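Asks: no sequence on this one, just coordinates:
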C-alpha cells in the first residue's frame, strides 16, 4: 500500500476525463461552504495522434496537480454505451493517464459514476448537463454557470466526493 496523506482533505480536485477535453475543478472544502479555487479544461488537438494527445493530457494534469497541490482527487468512472464503444475506449486511455499522474503524486483517488454525481448534486441521477451546471453555480455561490459543461462536471465530481466523505460509513 502506498503512503497516502492522513490529514482531512481541504482541497479536492475533481476530474471529468475526456480525450478531447478534460475538465478539472479544485474546491476548498475547509470551510462550512465549499469554495471554488480554480477550474478549467485540458485540451488535446484532434489532429494529433493518440500518443501525442495522451502526452498533452498527461503534461497538463501534472501542471495542475503540481500547482494546485490537492489533498485528494475524485474522477468520473468510465461509462460504456453499447452504441459508442470506441468513445469508451478513448475515454479509458484519457482516464488511465489521469489515474497514473495521480498515483505518481501519491494522492488518494476516488471514483464516482456520473449518475451518482448527478443524484448527489441535483437529486436526479439522469439530470441534464445544464441542471448540473446550475446546481454547481448555486452550491459554490457563483454568479454564472461554469462553462464549458466539462468544468461544471469536474466541480460536481469534487463536491460529490466532499459530500459523500462527510457521511458516516454506515450510510454509504
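Replies: Alright, I've got the coordinates. Remember, it's a predicted structure, so these values are computed and weren't measured experimentally.
Asks: At which residues are the strands of the chain located?
Replies: Counting by DSSP state E, the segments of the chain that form strands are 11-16, 21-28, 35-43, 72-76, 109-112.
Asks: who does the first one pair up with?
Replies: When you say that, I think you mean strand 11-16. strand 21-28 (antiparallel), strand 72-76 (parallel) (DSSP bridges).
Asks: how much does it deviate in direction from strand 35-43?
Replies: Calculated by axes from the mean of the first three to the mean of the last three Cα atoms, to 10 degrees, strand 11-16 forms an angle of 30 degrees with strand 35-43.
Asks: chain center to the worst-scoring helix or strand of the chain on mean pLDDT, what's the gap?
Replies: Among the helical and strand segments of the chain, the one scoring lowest on mean pLDDT, DSSP states H and E is helix 85-104, with a mean of 93. Mean C-alpha position of helix 85-104 versus that of the full chain (Cα atoms, centre = their mean, to the nearest Å) differs by 12 Å.
Asks: Hey, what's the angle from that helix to strand 35-43? Just curious.
Replies: Using the same axes, to 10 degrees: helix 85-104 against strand 35-43 is 130 degrees.
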